[in-house]
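[1] my questions are about this predicted structure, shown below with the sequence.
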Protein chains: 2
Amino acid sequence: MKYSKKDRQKLLLETLDKNPFVTDENLASTFHVSVQTIRLDRMELSIPELRERIKSVAAHNFGEDVKSLPIDEVIGEIIDIDLDKQAISILDITHDHVFARNGIARGHHLFAQANSLAVAVINDDLALTRKSNLTFVKPVKVGDRVIAKAVVTSSDVEKNSTLIEVTSKVENETVFVGQFSMYRVTMS
Amino acid sequence: MKYSKKDRQKLLLETLDKNPFVTDENLASTFHVSVQTIRLDRMELSIPELRERIKSVAAHNFGEDVKSLPIDEVIGEIIDIDLDKQAISILDITHDHVFARNGIARGHHLFAQANSLAVAVINDDLALTRKSNLTFVKPVKVGDRVIAKAVVTSSDVEKNSTLIEVTSKVENETVFVGQFSMYRVTMS
DNA sequence: ACCATTTTAGCACTTGGTACTAATATCAGT
DNA sequence: ACTGATATTAGTACCAAGTGCTAAAATGGT
C-alpha cells in the first residue's frame, strides 16, 4: 500500500523525528519506494543526511555549555554579610538553571545558593554541611531573582556545630526554606 | 616537537575526550604524524572511528529511557535505571567539585547528583522536589567516584507524591544519604 | 491522448574510514 | 657499527552513506 507523496513526506518527518538514525535505504524499504525518492523527499523537506542528523543530535548533547554548577566559591552574589550572624545573596535565574521542559528552576541551584551562603556566613577555616532539611515551597522560574537570607540560629562550640536557617524569596514570597547543620573547625 | 608514542596516545585520549568530533586527518596534523599512525593509535587504544564516536554521543542523548529529565540535564552518569523503582548514577569528583582550600567536595554537587537522580527515576512528565532531608556522612574528595543509588520507597498517587531514598557511596562506604519527597504529575 | 508530475535508474565523485601489505625510520643493546 | 625490534609511513582495494547530475520510465489528471 503506497502513500501519496504528501503523506509519505509527512510520515517521513515524523519517522525521522522519532528516530534520526535511519538510512535512506532503510526508509526506502519501509515506504516501499526507491532510495532516490527518499533522497528527493529529503531535498524538498531539507532534511540533512543521516550523518549530519546524528552529528547534530550529538552536538546538541555535547556542545551546549556545560550546565554543571559554577566553580566560584559562592553560588549567587553576596550582598550583605555579618559573620556568624547572617548573610544575604542574590541569584538571578537564567535558562541555564531551569528544566528545558517546563522552565522551572532545578532544585540543586536553590540548594547551592543556600548551602554556599551557609558556608560563607561561618567565620571559620573549615565549614562542612552535616545535615540539612529542605522545603521547596514554590516553583522558581526563569527571570526570577532569588534572594536568600541565612541566619545563624545556634552555635555549639563544644560540638563544633552551627545551625543555620536559610530562607529564599522571590518578590518577597518564600520559595525555599532550608535548615543546615554545619560542622566547623578553626585551624591554626 | 614530536611526542613519544606513549605521550601521544595519552594526549590523544584526552583530546578525544574533550572533543570527539575530530577526524584522523585532523589529529594527524595536530600531532604532526601521519594519518596511519593515528589509526594505529586508535587501534591500540580501541577508540572507535569518528562516526561511531559521534553516534555513541548521540545515542546516549537520544535513545535513553530517561523521561522526566533529558539525559544531559542529569548530574552524573546514569548507568542503570528502572523507572519508578530504582536508578544508579556515577559522578567522578574532579577539582571542579571541591573547595580549593581542602579538596573536599562541595555539598551541592552531591545533592545535585542525588536530586537529579531522584527526578530521573520518576516515570512522569513533571517531577519536582518538595522536601528533602540530607545527611553528609563523610567528606568526599577529589578523585572519588561517587555511586548514587536512588530507591523509590513509596508512592501516593492521590497526593501526586513519591518518596525516594538516595544513598551515595565511595568505595562501598556511605558518604551521603538523602530522602526526597517528590511532587509528580502526568500530563496528557 | 497529452502534458506535468513523480518516480526510478545509473554514473561519477566525496568523506572518513577499514583491512591489509610493504617499505622505511628510529632506537636500544651489544 | 650492526642487528633486531619497535614505530612510522605509504599505498592499495574496499565500504557506507551519501551528493550531484542526467535521463528514462511510470503515473495522474483532465
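    Ah, there it is. From a predicted model like this one, the values you see are computed outputs, not experimental measurements.

[2] looking at it, A:Val13 is touching A:Arg42, isn't it?
    One correction, residue A:13 is Leu, not Val. No: the pair A:Leu13 / A:Arg42 is not scored as a contact, 10.1 Å apart, by Cβ atoms under 8 Å. (Glycine included, C-beta is placed from N, CA and C.)

[3] okay, these two: which has more neighbours?
    Counted by other Cβ atoms under 10 Å in any protein chain shown, A:Leu13 and A:Arg42 do not tie: A:Arg42 has more neighbours, with 19 against 13.

[4] same for the helix or strand containing that one, what does it pack against?
    Assessed by DSSP states H and E, A:Arg42 sits inside helix A:35-45. Judged by 3 or more Cβ pairs under 8 Å, 6 or more residues apart in numbering or on different chains; DSSP states H and E, helix A:35-45 is in contact with helix A:5-18, helix A:24-31.

[5] is any part of the lowest-mean-pLDDT helix or strand in chain A close to DNA strand D?
    Scoring the helices and strands of chain A by mean pLDDT, DSSP states H and E places helix A:50-63 at the bottom, with a mean of 75. Yes: Helix A:50-63 is in contact with DNA strand D by Cβ under 7 Å from any atom of the strand, via A:50-51.

[6] over to stretch A:5-13?
    No: Stretch A:5-13 lies out of reach of DNA strand D by Cβ under 7 Å from any atom of the strand, never closer than 9.6 Å.

[7] can you get me a residue count around the residue nearest to A:Thr30 when sequence neighbours are not counted?
    Ranked by Cβ to Cβ, 6 or more residues apart in numbering or on different chains and with sequence neighbours excluded, the top spatial neighbour of A:Thr30 is A:Thr15, at 7.7 Å. Using other Cβ under 10 Å, A:Thr15 has 16 neighbouring residues.

[8] and if you look at A:Asp82?
    A:Asp82: 12 neighbours (other Cβ under 10 Å).

[9] what about it, distance to chain B?
    Applying Cβ to the nearest Cβ, to the nearest Å, the value for A:Asp82 to chain B is 22 Å.

[10] partners of that residue in the sheet?
    As for beta bridges, A:Asp82 partners with A:Gln86 under DSSP bridges.

[11] report pLDDT for it.
    Model confidence at A:Asp82, given as pLDDT, is 82.

[12] write out the residues of chain A neighbouring DNA strand D.
    Within reach of DNA strand D by Cβ under 7 Å from any atom of the strand, chain A has these residues: A:23-25, A:36, A:39, A:42, A:48-51.

[13] could you work out the most separated pair of these?
    Spatially, the most separated pair among these is A:Gln36 and A:Arg51, at 18.6 Å (Cβ to Cβ).

[14] neighbour count winner among the two?
    Neighbours around A:Gln36 and A:Arg51, counted as other Cβ under 10 Å, are more numerous at A:Arg51. The numbers are 13 against 10.

[15] can you tell me the helix or strand for A:Ala120?
    Using DSSP H and E, A:Ala120 maps to helix A:107-121.

[16] please go through the residues of chain A next to DNA strand D and note which also touch DNA strand C.
    Okay, of the residues of chain A next to DNA strand D touching DNA strand C (Cβ under 7 Å from any atom of the strand), that's A:Gln36.

[17] buried ones only from the residues of chain A next to DNA strand D, please, as a PyMOL command.
    Selection of buried members from the residues of chain A next to DNA strand D for PyMOL, criterion 16 or more other Cβ atoms under 10 Å in any protein chain shown:
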select buried, chain A and resi 24+42+50
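
[18] put together a markdown table for the residues of chain A next to DNA strand D, with distance to A:Ala112 on each row.
    Output for the residues of chain A next to DNA strand D, formatted as a markdown table (distance: Cβ to Cβ, whole Å):
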| residue | distance to A:Ala112 |
| --- | --- |
| A:Thr23 | 44 |
| A:Asp24 | 47 |
| A:Glu25 | 49 |
| A:Gln36 | 55 |
| A:Arg39 | 50 |
| A:Arg42 | 45 |
| A:Pro48 | 39 |
| A:Glu49 | 42 |
| A:Leu50 | 40 |
| A:Arg51 | 39 |
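
[19] rewinding a little: what's the most buried one of the helices and strands packed on helix A:35-45?
    helix A:24-31 (a mean of 16; mean count of other Cβ atoms under 10 Å in any protein chain shown).

[20] now do it: distance to the chain's middle.
    Distance of helix A:24-31 from its chain centroid, counting by Cα atoms, centre = their mean, to the nearest Å, is 38 Å.

[21] ok, residues contacting it?
    Outside helix A:24-31, the residues within contact range by Cβ atoms under 8 Å, 6 or more residues apart in numbering or on different chains are A:2-3, A:8, A:11-12, A:15, A:34-35, A:37-39, A:42, A:49-50.
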